[in-house]
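> For reference, the sequence and a predicted model appear below.
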Amino acid sequence: MADGRFDGCLTEIFRHEGGYVDHPADPGGATNMGITRKTLARWRNISPWWDLPKAEVQTLERDEAAHIYRAGYWDVCRAGELPPGVDLAVFDFAVNSGPNRAVRCLQQVLGVAADGLVGPITLAAANRSSAAGTVNTLCDRRLGFLRALSTFPVFGRGWIRRVETIRAAALAAAPTKNSTQGDENVDILSGYKTYIVAAFMLLAGLAQMLGIDLPALDSGSAGSLVLESLAILFLRKGLKGDIGKA
């Protein structure tokens, strides 16, 4: 599955990157299939990078470019572990603007710590969230970043077309919400279960203070029920805060 998704996503990348170009306004310089001269030199362990002749970029073959994309972008972003659609949106963002920026933006969209490294918290958040919603918000933020670049007047029209094409392809690949609706409802209920129990304990304690007998809760005094319910609420709030900072 991961290999199939990589191949399909890579086809989209190649569709946008094209062949050899050396545009004077492009800070990446000589580029072929989206692979810059500096990236190719780093891949081939050539230092300094300018020792790599531009002719090597011009004669770069598709198979080597594919290996570079997998190792330097797809695997770095752990795109193979992201939901379909999200994988393409992140992958193309990484190719266009760097893996670190793409991952940080994804993490901001998901509401987790934006450290630029995809770990279990990021993956869990991505697989828990709506893939279509993640794709749309990520593409919107990507466009916002591109519009702020000094080279936008030169390349902006092409960038916008690329992001919108990637958005459409990613949304087409994203799983439909109906297929996961039941699981989402269970997750919502599970998330509020602690609050429901604590609220019931708090109400029961207050009821006993007012002289209302609740036989099912005879084992707990009014004061202890109130204190325990408040402790549960504050403890859960603290745990959520710690997880959000992780």
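Sure, I can see it. Residues are numbered from 1 along each chain as shown.
> Quick check: nearest residue in space to Lys54, chain neighbours excluded?
Computed as CB to CB, 6 or more residues apart in numbering, the closest residue to Lys54 that is not its neighbour in sequence is Ala30, at 4.5 Å. All C-beta atoms are positioned from the backbone trio N, CA, C, and that covers glycine.
> got the contact list for the spatially most central residue of the chain?
Closest residue to the average C-alpha location of the chain: Leu106 at 3.3 Å, with CA atoms, centre = their mean. For Leu106, the contact set (CB atoms under 8 Å, 6 or more residues apart in numbering) comprises Val86, Val90, Phe93, Val118, Thr122, Ala126, Thr134, Leu138.
> again with Arg104
Contacts of Arg104 (CB under 8 Å, 6+ apart): Ala114, Asp115, Gly116.
> Check Ile166 too.
Applying CB under 8 Å, 6+ apart, the residues near Ile166 are Glu12, His16, Leu88, Ala89, Asp92, Cys139.
> rewinding a little: mind checking pLDDT for the residue nearest to the centre of the chain?
On the pLDDT scale, Leu106 is placed at 98.
> Which positions within stretch 40-53 qualify as buried?
Buried residues in stretch 40-53, counted by 16 or more other CB atoms under 10 Å: Leu40, Ala41, Trp43, Ile46, Leu52.
> Quote the end-to-end distance of that stretch.
10 Å (CA to CA, to the nearest Å).
> which other residues reach that stretch?
Contacts with stretch 40-53, where a contact means CB under 8 Å, 6+ apart, come from Arg37, Lys38, Glu56, Val57, Leu60, Glu64, Ile68, Ala71, Gly72.
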